[in-house]
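Engineer: sequence-free structure coming up:
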């Protein structure tokens with residue numbers, strides 16, 4: 001989800017609620033680079049709480065965008081997407097065995113360019129049963145052409161107890177550096193919260209955007225409390241948000257936070273939450289990856305900024 005997915009549309013009351021939520025979370029014990037120089041040309045980073053390793057704040061999701069066959073015009077653009085990410089200082093490339101050819105394409109492209117060392121590779125396990133989970137994860141290692149995975153996540157909490165047990169063993173062996181869980185629907189937030197409270201995790205991947213803010217009520221504050229890094233998927237709210245913004249002029253104040261597009265404004269909003277470590281807009285176009293990456297540079301506005309400019313956002 002990326003500038004390919006560009007869209008926005010929210011009511012004035014929705015925006016005010018979003019700003020109120022941002023104000024509430026501002027007190028959380030997490031540093032936000034709100035005063036970083038707007039002239040930065042290198043991506044900002046935030047620490048992974050469990051290790052303090054610095055992680056660049058904008059990554060690349062591969063759902064849909066990397067699911068193309070070699071030899072097609074779309075596939076030919078993909079090396080440029082990774083180049084744009086790495087050139088901007090980004091590292092996180094997130095995939096899944098459920099994303100068609102995305103894992104295999106990512107592995108092939110990194111191997112061809114000899115850039116595996118530049119990537120923070122994240123993928124998922126999405127099946128039931130210990131042996132099935134091991135087989136699927138081994139397949140992901142092979143497709144991504146790597147001997148170690150930076151982050152392995154239990155997708156949608158499917159058989160999470162079984163897979164987390166395996167992943168803890170693999171982490172001890174050095175095969176996996178970090179482990180976590182993912183979801184993308186508010187209806188599952190109760191179970192996600194229960195897992196966060198019960199298990200020691202490195203990462204939570206969850207949906208969060210200007211028009212889908214349910215995660216800020218309990219999950220994002222809980223992640224901060226539990227010392228769990230947060231990767232935000234669907235930062236453009238699933239796609240419709242940017243399409244509805246396409247013909248609306250960009251507010252003059254966007255320049256104050258280094259934004260030249262609505263996509264960047266939306267990404268800055270997501271990064272304004274103090275619990276968010278990284279967000280992974282997806283794209284198959286190098287120019288969109290470069291545009292998205294710039295949202296991770298310079299100023300990260302605080303809740304006061306969004307409240308001050310609420311009236312300028314579309315209704």
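Structural biologist: Now that the structure is in, tell me what you want to look at. Since this is a predicted model, take the numbers as computed values, not measurements.
Engineer: all strands for the chain, in order.
Structural biologist: 45-47, 54-56, 60-61, 92-94, 120-125, 149-154, 176-182, 203-207, 229-233, 278-279 (DSSP state E).
Engineer: who does the first one pair up with?
Structural biologist: Sheet partners assigned to strand 45-47 using DSSP bridges are listed as strand 54-56 (antiparallel).
Engineer: got the strands of the chain as a markdown table, with mean neighbour count columns?
Structural biologist: From N, CA and C alone the C-beta is placed, and that goes for glycine too. Shown next, in a markdown table, are the strands of the chain (neighbours: other CB atoms under 10 Å):
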| stretch | mean neighbour count |
| --- | --- |
| strand 45-47 | 18 |
| strand 54-56 | 19 |
| strand 60-61 | 28 |
| strand 92-94 | 26 |
| strand 120-125 | 26 |
| strand 149-154 | 25 |
| strand 176-182 | 23 |
| strand 203-207 | 25 |
| strand 229-233 | 25 |
| strand 278-279 | 28 |
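Engineer: got TSV for the ones you listed, with distance to residue 79 and mean pLDDT too?
Structural biologist: As requested, these are exported to TSV (distance: least, CB to CB, whole Å; pLDDT from 0 to 100):
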stretch	distance to residue 79	mean pLDDT
strand 45-47	24	98
strand 54-56	19	98
strand 60-61	12	98
strand 92-94	13	98
strand 120-125	16	98
strand 149-154	20	98
strand 176-182	25	98
strand 203-207	25	98
strand 229-233	23	98
strand 278-279	22	98
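Engineer: can I get these in JSON lines with distance to residue 271?
Structural biologist: JSON lines is the format used below for those (distance: least, CB to CB, whole Å):
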{"stretch": "strand 45-47", "distance to residue 271": "9"}
{"stretch": "strand 54-56", "distance to residue 271": "11"}
{"stretch": "strand 60-61", "distance to residue 271": "15"}
{"stretch": "strand 92-94", "distance to residue 271": "13"}
{"stretch": "strand 120-125", "distance to residue 271": "17"}
{"stretch": "strand 149-154", "distance to residue 271": "19"}
{"stretch": "strand 176-182", "distance to residue 271": "19"}
{"stretch": "strand 203-207", "distance to residue 271": "14"}
{"stretch": "strand 229-233", "distance to residue 271": "8"}
{"stretch": "strand 278-279", "distance to residue 271": "7"}
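Engineer: compare those strands and report which one is nearest to residue 196.
Structural biologist: strand 203-207 (6.5 Å; CB to CB).
Engineer: for that closest one, packing partners?
Structural biologist: If you count contacts as 3 or more CB pairs under 8 Å, 6 or more residues apart in numbering; DSSP states H and E, strand 203-207 packs onto strand 149-154, strand 176-182, helix 189-198, helix 219-226, strand 229-233.
Engineer: where does this protein have low pLDDT?
Structural biologist: Low-confidence segments of the chain (pLDDT under 70): 1-40, 238-239, 312-315.
Engineer: for the stretch 1-150 of the chain, what spans make up the helices?
Structural biologist: Remark: helices assigned in the stretch 1-150 of the chain by DSSP state H, counting those that start in this stretch are 12-25, 73-87, 102-113, 130-143.
Engineer: residue 251 is nearest to which of the ones you listed?
Structural biologist: helix 12-25 (12.5 Å).
Engineer: circling back: reformat the helices and strands packed on strand 203-207 as a markdown table; add distance to residue 42.
Structural biologist: A markdown table is the format used below for the helices and strands packed on strand 203-207 (distance: least, CB to CB, whole Å):
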| stretch | distance to residue 42 |
| --- | --- |
| strand 149-154 | 20 |
| strand 176-182 | 23 |
| helix 189-198 | 32 |
| helix 219-226 | 25 |
| strand 229-233 | 20 |
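Engineer: rewinding a little: with respect to burial, which of the helices of the stretch 1-150 of the chain scores highest?
Structural biologist: helix 102-113 (a mean of 20; mean count of other CB atoms under 10 Å).
Engineer: off-centre distance for it?
Structural biologist: How far helix 102-113 lies from its chain's middle: 19 Å, per CA atoms, centre = their mean, to the nearest Å.
Engineer: show me what that helix is packed against.
Structural biologist: Applying 3+ CB pairs under 8 Å, 6+ apart, we find helix 102-113 packed against helix 73-87, helix 130-143.
Engineer: elements contacting the first one?
Structural biologist: If I follow you right, that is helix 73-87. strand 60-61, helix 102-113, helix 286-294.
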